[in-house]
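**Student:** Please work out how this folds:
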Amino acid sequence: MPGQQDTQSEFDDIELSLLEARVQSLRVKGTDSAYSLLGSELRPYIRNPEVAPLPVPLKEVLEESVAAGNGASEEFRAGSAPDDRIGKQFWEIYRSQLRTSLCDPKGDLYKLLVSEGKTSTKAIITALVVTLGVGTAFAGVICGLAAIILEIGLRSFCEWTESPAGEPSGAGSK
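**Tutor:** Next up, the predicted model:
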């Protein structure tokens, strides 16, 4: 929840099951819903960063997102841009950092994610929690990111994020 710092970086089985259900719901609705969720979860941190502290990695990316502003910097700084635009801007900047953690074929996280041949929702959620170092207060951010990655597919995400241009196949909104 915004404004509450949760340092717990693990979810219990019930929380993980709820996160899985939320991610699957977002996948049914399409990536635009995931972008909107990211935007709505991040908006309080844009509007009042001192009252609602973020973990450093997320804070840095959000500050970069606000600075980039996608041609609408004032809207972003004021936190008045539409949720989906905030979420998409955050994603566009953060995806390259996620790639570093999730896409190294020699890395433990990548091996875990592809070990069963098909990337599971639980594995992506767990990898994001580990990568971000966040807990339950950022469940919405985790769900939004997980839904986008699962919609694209891990291997496609890794290939797509090698270059900054283009849209992955299968990443359109539903």
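
**Student:** Now do the same for residue 166: its pLDDT.
**Tutor:** In this prediction, residue 166 carries a pLDDT score of 47.

**Student:** Same check on residue 110?
**Tutor:** The predicted local distance difference test score for residue 110 is 82.

**Student:** Now it: which helix or strand?
**Tutor:** Under the criterion of DSSP states H and E, residue 110 resides in helix 108-114.

**Student:** which other residues reach that helix?
**Tutor:** Surrounding helix 108-114, the residues in contact under the criterion CB atoms under 8 Å, 6 or more residues apart in numbering are 101-105, 119, 123-124, 126-127, 130-131, 154-155, 158. (C-beta placed from N, C-alpha, C; glycine too.)

**Student:** same check, this time on stretch 93-107
**Tutor:** In this structure, residues lying in contact with stretch 93-107 by CB under 8 Å, 6+ apart are 57, 61, 64-65, 68, 109-111, 113, 127-128, 131, 145, 149, 154, 157-158, 161-162, 164.

**Student:** I would like a PyMOL command selecting only the buried ones among those, please.
**Tutor:** Buried residues within the contacts of stretch 93-107, as defined by 16 or more other CB atoms under 10 Å, are selected in PyMOL through the command that follows:
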select buried, resi 61+65+109+110+113+127+128+131+145+149+154+157+158+161
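
**Student:** Please flag which of the contacts of stretch 93-107 sit within helices.
**Tutor:** Secondary structure assignment by DSSP state H places 57, 61, 64-65, 68, 109-111, 113, 127-128, 131, 145, 149, 154, 157-158 of the contacts of stretch 93-107 in helices.

**Student:** What's the local residue count around the closest residue to residue 121 other than its chain neighbours?
**Tutor:** Once its chain neighbours are removed from consideration, residue 121 has its nearest residue in residue 20; the separation is 4.6 Å (CB to CB, 6 or more residues apart in numbering). Number of residues near residue 20 (other CB atoms under 10 Å) recorded here: 17.

**Student:** which other helices and strands contact whichever strand or helix holds residue 20?
**Tutor:** In the assignment (DSSP H and E), residue 20 maps to helix 13-29. Based on contacts counted as 3 or more CB pairs under 8 Å, 6 or more residues apart in numbering; DSSP states H and E, the elements that helix 13-29 packs against are helix 31-47, helix 121-132, helix 139-152.

**Student:** still on that earlier bit, ok, of the contacts of helix 108-114, which come out buried?
**Tutor:** Buried residues within the contacts of helix 108-114, defined by neighbour count using 16+ other CB under 10 Å: 101-103, 119, 123-124, 126-127, 131, 154, 158.
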